[in-house]
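1. here you go, sequence then predicted model.
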Amino acid sequence: MGLILLIETATEVCSVGLALDGQIISMKETEKGNSHSANVAVFIDEVLKQANKSPGDLNAVAVSKGPGSYTGLRIGVSSAKGLCYGLNIPLISINTLKAMVYGVIHDKKVENTGALFCPMIDARRMEVYSGIYDMNLNQIREVQANIVDENTYTEYLLSHNVYFFGNGSDKCKDILNNNANAHFITDIKLSAANMAGLAEEKFRKEEFEDTAYFEPFYLKDFIAAKPVVKGLY
């Protein structure tokens, strides 16, 4: 029996949930960008109060590990690690893209058992973070940062229906729409709710991270923008 706090901050969505035995019992989230630092701690407090729980009741904390926004991931992982240290409970990491696929399958957005799934996270400009998964959540292609062109997913589109979704998929519609096997799901957003079943599975198998050394999966190195204020270098 696991009471697990779920933290999702990999994109513009800031989402915190509380799950008991893999089922969501309280949620708080917003799509207002650049608000993670102000909202995460507040949302954690609110979801615990909604469920009449206290931090001491938690059995584990699960965090979305990426890929995604460098700043968002840092905030989510730092919050999760702080709680795990303070409460002496295990840390669970969930691949952000895999959680997106879990949400699509769990919500029965696709019932074609032979289909493949390509979750996409906006990596700015024309680049996306993406992976390829099957209906059983097996990873068919490793997570990559791609500038999408008509050939990027050819080997999968030749023999499978591939469903594209996530906040990076809009970039690809004009490029891939002419392929009859390419399909787009538009009403998918990141949510801590998609982490619940995956986190419970890892909790039962005791697949925990080393809290001291765990780092998010950034995929790409962070490149700081040059300050625009004169004198700041």
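-> Yep, it's here.

2. name the helices or strands packed onto the helix or strand bottoming out on mean pLDDT in the chain?
-> Ranked by mean pLDDT, DSSP states H and E, the weakest helix or strand in the chain is helix 173-176, scoring a mean of 88. Helix 173-176 is packed against no helix or strand, with contacts defined by 3 or more Cβ pairs under 8 Å, 6 or more residues apart in numbering; DSSP states H and E. For glycine as for every other residue, the C-beta is placed from the backbone atoms N, C-alpha and C.

3. residue 65: which element?
-> strand 60-66 (DSSP states H and E).

4. residue 5 and residue 83 touch, don't they?
-> Yes. Using Cβ atoms under 8 Å, residue 5 is in contact with residue 83, at 6.9 Å.

5. so those two - more neighbours on which side?
-> Taking other Cβ atoms under 10 Å, residue 5 and residue 83 do not tie; residue 5 has more neighbours (29 against 21).

6. show the contacting residues for the residue lying closest to the more buried one once chain neighbours are set aside.
-> Of all residues not flanking residue 5 in the chain, residue 61 sits nearest, at 4.7 Å (Cβ to Cβ, 6 or more residues apart in numbering). Residue 61 is in contact with 4-5, 7, 80, 83-84, 89-92, counting by Cβ atoms under 8 Å, 6 or more residues apart in numbering.

7. need the pLDDT of the residue nearest to the spatial centre of the chain.
-> For the chain, the residue sitting closest to the mean C-alpha position, by Cα atoms, centre = their mean, is residue 96 at 2.6 Å. Looking at residue 96, its pLDDT reads 97.

8. could you shift the numbering so residue one becomes 17, and keep it that way?
-> Sure thing, new numbering starts at 17, so read that last one as residue 112.

9. list the contacts of it.
-> Counting by Cβ under 8 Å, 6+ apart, the residues that residue 112 touches are 24, 26, 80-84, 137, 206, 233.

10. now do residue 92
-> So residue 92 contacts 23-26, 52, 56, 79-80, 232 (Cβ under 8 Å, 6+ apart).

11. kindly reformat those as a markdown table containing neighbour count and distance to residue 116.
-> Shown next, in a markdown table, are the contacts of residue 92 (neighbours: other Cβ atoms under 10 Å; distance: Cβ to Cβ, whole Å):
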| residue | neighbour count | distance to residue 116 |
| --- | --- | --- |
| 23 | 26 | 16 |
| 24 | 29 | 10 |
| 25 | 34 | 14 |
| 26 | 31 | 10 |
| 52 | 27 | 18 |
| 56 | 23 | 20 |
| 79 | 31 | 15 |
| 80 | 34 | 10 |
| 232 | 24 | 16 |
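
12. among these, which ones are in strands?
-> Using DSSP state E, the members of the contacts of residue 92 that fall in strands are 23-24, 79-80.
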